[in-house]
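[1] everything below, folded, please.
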Amino acid sequence: MKRFFIIMIILVVGVSGAFAQVDIETMQDSFSGFSSDVSSALPFVSTIGLNWSDARVRSLPHFGVGLTVGAVMIPKEAFTDLADSMGFDLPSEITDSTLGVPLPAYTVDGRIGGLILPFDIGIKLGYIPPELLEDSPVAVDYTLAGFDIRTPIIKGNVLLPAVALSVGYNYLNAGVETAVSTGMGQLIDLSTIDGSLGTLTFTDPNARFQMQSNVVDIKLQASKSLLIITPYAGLGYAYGWSKAGGGVAGSVLYDGHEITAAEIAAIEAAFDAAGYDAPDVSADGFLVSSDSTGGAFRAFGGLSVNLSIMKLDLNAMYNINTASLGASLNTRIAF
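    Alright, predicted model coming up:
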């Protein structure tokens, strides 16, 4: 995860440093394309967690709790296309990659059997508290939360595998921010969008990258217990409402004075009239982002090693729409 955040920092610093040389329309177009590419991967990464091997659905008092860590790959073209349009170089960690850029995730997840009707409920949560990195030059915020409800399609027996259908919801929010001492474009001239607009000036600016996704996820999974291992496989479909982008965080002056609500409204209206997504403008920063909606099918599978109540679960995923890969490791106690 640290490596990914470093790559994000290099990326947004490079973009931010180009603000003084690139006009706002080029910046908006570049971020919109980048946002669309990254947003398409967010529903995929949000599905990490709750991919436990056993498809058998059990009632109370059965329950389990564990930890999942994993990552999915974002196609590197999302980064190289942005770099080409903005006119800056990317680190070799991106340009030399053949699989893509890893987007990591982790969750603490649990599952508990239902009452009366045959179903169970899974809940997951991953969170990095801001104070954890308060002495670091990098500020990181990360939340991945979700739940699902499973019901059995086939209960499973000596010959047949267990098959379950689940429906769930995932929320992913992640950002990275770092101070920049040199090369930072401290002025953004908005007059190229509309001649009536002025100039934003930043004091002690930080570079920031932000992404968010709300996802509905459906999974069909089959598993078969064989002594101490449980192989499993399944298909899933995730549909997400996502947003990604980046920009500058820091104290903002508009034509030399504190920006007002009326001036923010005028900036947003001008961007809308020009056919762009309105930036997030406030006295604390200027962020360019773009919305993206859409779904993707994935195949997944793996196996768990079962040592009494301890389970070690290996999972691999393949995004059918983007041909990108993902993987996760889960360890848990299940009764």
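[2] which residues does T230 contact?
    Neighbouring residues of T230 by Cβ atoms under 8 Å, 6 or more residues apart in numbering: 53-54, 223-224, 303-304, 306. C-beta coordinates here come from the backbone N, C-alpha and C atoms, glycine included.
[3] out of these, who's nearest L312?
    Nearest to L312 among the contacts of T230: S304, at 6.3 Å, using Cβ to Cβ.
[4] please name the residues that touch the closest one.
    52-54, 229-230, 232, 311-314, 330.
[5] what's the farthest-apart pair in the contacts of T230?
    The widest separation within the contacts of T230 (Cβ to Cβ) is 12.4 Å, between K224 and N306.
[6] low-confidence ranges, this protein, go.
    The chain contains residues with pLDDT under 70 at 1-23, 27-28, 31-32, 82-83, 85-91, 93-94, 130, 132-138, 179-186.
[7] all strands of it, in order?
    Under the criterion DSSP state E, strands of the chain are mapped to 63-74, 101-113, 120-128, 138-154, 162-179, 187-189, 199-223, 229-254, 257-258, 280-282, 285-307, 310-319, 324-334.
[8] adding distance to S30, write those strands out as TSV.
    Formatted as TSV, the strands of the chain follow (distance: least, Cβ to Cβ, whole Å):
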stretch	distance to S30
strand 63-74	16
strand 101-113	17
strand 120-128	28
strand 138-154	23
strand 162-179	18
strand 187-189	14
strand 199-223	13
strand 229-254	10
strand 257-258	29
strand 280-282	17
strand 285-307	9
strand 310-319	24
strand 324-334	22
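[9] so which of those strands comes closest to T80?
    strand 101-113 (10.1 Å).
[10] what's the angle between the closest one and strand 162-179?
    Calculated by axes from the mean of the first three to the mean of the last three Cα atoms, to 10 degrees, strand 101-113 forms an angle of 130 degrees with strand 162-179.
[11] which of the contacts of S304 has the most neighbours?
    Highest neighbour count within the contacts of S304, by other Cβ atoms under 10 Å: S53, with 28 neighbours.
[12] ok, what's across the strand from the closest residue to that residue other than its chain neighbours?
    In space, and not counting its chain neighbours, S53 is closest to S304: 3.7 Å by Cβ to Cβ, 6 or more residues apart in numbering. Under DSSP bridges, the beta-bridge partners of S304 are T230, D313.
[13] in the chain, which residue is most central in space?
    The centroid of the chain falls nearest to L42 when counting by Cα atoms, centre = their mean (4.2 Å).
[14] and that one, what is it in contact with?
    172, 211-213, 215, 240, 242, 244.
[15] determine which two of the residues you listed are furthest apart.
    Pairwise across these, and taking Cβ to Cβ, the largest span is found between V215 and A244, at 13.7 Å.
[16] which of the two has more residues huddled nearby?
    Between V215 and A244, counted using other Cβ under 10 Å, the more crowded position is A244 (26 against 22).
[17] and that one, how far from D37?
    9 Å (Cβ to Cβ, to the nearest Å).
[18] repeat for Q212
    15 Å.
[19] same question for L159.
    L159 is 46 Å from D37, by Cβ to Cβ.
[20] the two - which one has more neighbours?
    D37 (21 against 6).
[21] OK, contacts around that one?
    For D37, counting by Cβ under 8 Å, 6+ apart, the contacting residues are 74-75, 77-78, 81.
[22] again, but for A222
    Going by Cβ under 8 Å, 6+ apart, A222 touches 55, 154, 161-163, 232-234.
[23] quick one: which of the residues you listed is nearest V69?
    Using Cβ to Cβ, those come closest to V69 at Y232, 18.6 Å.
[24] just give the closest residue to the closest one, not the sequence neighbours.
    S223 (3.7 Å).
[25] tell me what the one you found is bridged to.
    Applying DSSP bridges to S223 gives these bridge partners: A162, Y232.
[26] and if you look at F286?
    Going by DSSP bridges, F286 forms beta bridges with V248, V281.
[27] that one and P205, how far apart?
    According to Cβ to Cβ, F286 and P205 sit 9 Å apart.
[28] torsion angles phi and psi at D54?
    Phi and psi for D54, reported as degrees, to the nearest 10, are phi -80, psi 120.
[29] return the residues in contact with it.
    162, 223, 225, 230, 232, 304, 334.
[30] against G301, how distant is the fifth one?
    Separation of Y232 from G301 (Cβ to Cβ): 6 Å.
[31] could you do the third one as well?
    When distance is defined by Cβ to Cβ, S225 is 15 Å away from G301.
[32] one more: the second one?
    Applying Cβ to Cβ, the value for S223 to G301 is 10 Å.
[33] look at these two and report which has more neighbours.
    S223 (24 against 19).
[34] tell me which of the strands of the chain sits nearest to A269.
    Of the strands of the chain, nearest to A269 by Cβ to Cβ is strand 280-282, at 11.6 Å.
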